[in-house]
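**Student:** model the following, please.
(one chain, ligands or ions: 1)
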Amino acid sequence: MIAIKFVKFHGLGNDFVIVDALEESGLPENREELPGLARDVCHRRFGVGADGLILIKKSDKADIYMQIINSDGSEPEMCGNGIRCVAKYVYDAGIVPRRQIRVETLAGIILPEIITDDHKAAMVKVDMGQPGLERSDIPMLGPAGRVVGEPLEHRGEIFRVTAVSMGNPHCVIFVDDVQAVPLYQLGPELEVHPAFPRKANIEFVQVLNQGEVIMRVWERGAGYTMACGTGACAAGVASCLNGYTGRKVMVHLQAGPLEIEWSVNNHVYMTGPARKVFTGDYPLE
Ligand SMILES: N[C@H](CCC[C@H](N)C(=O)O)C(=O)O
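**Tutor:** Predicted coordinates:
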């Protein structure tokens, strides 16, 4: 029986099955089979259970290539919580013998750095690159320019949205009380709003003060998750763009905060935890 060795990680409860595909891993040769494998592995009852499947592969441009597949089988450009977990994995495994790691992704070369580390958990700071703020960057339909507090009509209701790309599309909506948002109704509806030709991650954000916000998220291709790293970056950038906070924002999620800084060099830095949970073998029929 062929089995795939995996390591289970999470970043503030956003959890991933990570497969080291640098050597023989039992993964299907045919890339077309990966979406189905991701759906099976990520299934909370019939599989291991995760928000996404992450494959670590060879890169000729960086230390490694990170391929992320959402639990619905779709392949996004980037994953912030996931890249912190990948950094910890490759550092612990000695695959990359230094704390500054270069990771090739569909969103470009992303730079995580291990800040502190013990055998189960690490704090990782990631240079997430520059945010995309033009409609064409998101992508989002409508006239050229930025989307900052713009009206978006949905079922007769007008939402004021701010759109940010972190390689993947984010739609940030500021609310008075995140707990009062009907996330399981609005999330899936706005995820597939026609204004977003490649769908969107939907973040609801409540501003606490000039340096802190609370975020709840409905992720494209994964649905409700406890945290979203690229989403927290988008929330930090959007909070600053709207004048609600400065450039440094503590984004509070259910299991803890992510520190976001949209630096004056236009790069977004995200600092947060990566925790190893267990290892296992996933049998292929
Ligand atoms: N669902 C996201 C990818 C995972 C992002 C999230 N888990 C993160 O930590 O950034 C998308 O389709 O764009």
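
**Student:** list the beta-bridge partners for the spatially closest residue to residue 149 that is not a sequence neighbour.
**Tutor:** Nearest residue to residue 149, sequence neighbours excluded (Cβ to Cβ, 6 or more residues apart in numbering): residue 160, at 4.9 Å. In this view, the C-beta of every residue, glycine as well, is placed from N, C-alpha and C. Under the criterion DSSP bridges, residue 160 forms beta bridges with residue 151.

**Student:** ok, the residue nearest the centre of the chain - contacts?
**Tutor:** Nearest residue to the geometric centre of the chain (Cα atoms, centre = their mean): residue 79, 3.3 Å. Shown in contact with residue 79 (Cβ atoms under 8 Å, 6 or more residues apart in numbering): 16, 52, 54, 66, 68, 229, 230.

**Student:** quick one: the helices in this protein, in order.
**Tutor:** 34-42, 80-92, 183-191, 229-241 (DSSP state H).

**Student:** which parts of the second one are buried?
**Tutor:** Residues of helix 80-92 classed as buried by neighbour count (16 or more other Cβ atoms under 10 Å): 80-92.

**Student:** tell me which of those residues is nearest to residue 151?
**Tutor:** Residue 151 has its nearest neighbour among the buried residues of helix 80-92 in residue 80, at 28.0 Å by Cβ to Cβ.

**Student:** separation between the nearest residue to that closest one once chain neighbours are set aside and residue 217?
**Tutor:** Nearest non-adjacent residue to residue 80, counting by Cβ to Cβ, 6+ apart: residue 229, 1.9 Å away. Counting by Cβ to Cβ, to the nearest Å, the separation of residue 229 from residue 217 is 10 Å.

**Student:** now the residue nearest to the centre of the chain: phi and psi?
**Tutor:** phi -150, psi 110 (degrees, to the nearest 10).

**Student:** what of residue 97?
**Tutor:** The phi/psi pair for residue 97 (degrees, to the nearest 10) is phi -80, psi 40.

**Student:** burial check on it, number of neighbours?
**Tutor:** 9 (other Cβ atoms under 10 Å).

**Student:** equivalent analysis for residue 238, please.
**Tutor:** Residues near residue 238, counting by other Cβ under 10 Å: 30.

**Student:** so what's it up against?
**Tutor:** Contacts for residue 238 (Cβ under 8 Å, 6+ apart) come out as 148, 162, 164, 170, 172, 174, 203, 205.

**Student:** residue 240 is in contact with the first one, correct?
**Tutor:** Looking back up the chat, that one is residue 148. No. Taking contacts as Cβ atoms under 8 Å, residue 148 lies outside contact range of residue 240: 10.3 Å.

**Student:** contact residues of the stretch 51-200 of the chain facing the ligand?
**Tutor:** 51, 70, 76, 79, 80, 81, 82, 168 (Cβ under 6 Å from any ligand atom).

**Student:** try 5 Å
**Tutor:** 76, 79, 80, 81, 168 (Cβ under 5 Å from any ligand atom).

**Student:** great, nothing more from me.
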